[in-house]
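Chemist: Provide a 3D model corresponding to the input given below.
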Amino acid sequence: MKQNLINGIAAQNYDVVSFFDGSPKKRSQSISANHNDGLYYFSSNENKEKFEKKPEMYIPQYGGYCAIAMSEGGQANPNPKSWEVREGMLYFFTRMFWGIIDVKGQWLKDPLTKRDLADIEWIKMNN
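Modeler: Numbers count the residues shown, from 1 in each chain. The predicted model follows:
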């Protein structure tokens, strides 16, 4: 599966487990795990252990690309400060025009339709 990696690092240096606690945290340099050729960093050993037990539960949807861009057939780097956990899945979104416009609002207007469109595009991208 494709991943949005920057210099081999996933989730733009954020601890993906921390999003599920509602309090996203930046990484600790010393706590990391590899998954699907990507390096994931964590803010605590506890979060690393949770991730290692079940990484598919924590990895961001669409390989960490913006969910709205994916729903439109594109790939865009998200801003991890714009995110949502919905039905146990982590989604990232892009902020455009120097962070002024958050495309998450488009997602929230019709998340099920956007998710279905993004799922289709994600399957195409990975085949």
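
Chemist: gap between the top helix by length along the chain and the chain center?
Modeler: Ranked by number of residues, the top helix in the chain under DSSP state H is helix 111-125. Shown here is helix 111-125, whose average C-alpha point lies 14 Å from the average C-alpha point of the whole chain (Cα atoms, centre = their mean, to the nearest Å).

Chemist: just stretch 85-101 next, same as before
Modeler: Relative to the chain's own centre, stretch 85-101 is displaced by 9 Å; criterion: Cα atoms, centre = their mean.

Chemist: need the longest strand for the chain.
Modeler: Of all segments of type strand in the chain, defined using DSSP state E, the longest is strand 79-86.

Chemist: circling back to that earlier point, contacts for the longest helix of the chain?
Modeler: Defining contact as Cβ atoms under 8 Å, 6 or more residues apart in numbering, one finds that helix 111-125 is touched by 2, 61-63, 67-68, 70-73, 75, 86, 106-107. Yep, even glycine has a C-beta here, placed from its N, CA and C like the rest.

Chemist: so how far is stretch 39-50 from its chain's centroid?
Modeler: Its chain's average C-alpha position is 15 Å from that of stretch 39-50, according to Cα atoms, centre = their mean.

Chemist: now do the same end-to-end measure for that stretch.
Modeler: Stretch 39-50 has its terminal residues 15 Å apart, counting by Cα to Cα, to the nearest Å.

Chemist: same question for stretch 10-21.
Modeler: Between the opening and closing residues of stretch 10-21 we find a distance of 19 Å, counting by Cα to Cα.

Chemist: what mean pLDDT does it have?
Modeler: Stretch 10-21 carries an average pLDDT of 95.

Chemist: which stretches in the chain count as strands?
Modeler: Read by DSSP E, the chain holds these strands, from start to end of the chain: 14-15, 25-26, 32-35, 38-41, 79-86, 89-93, 95-96, 101-102.
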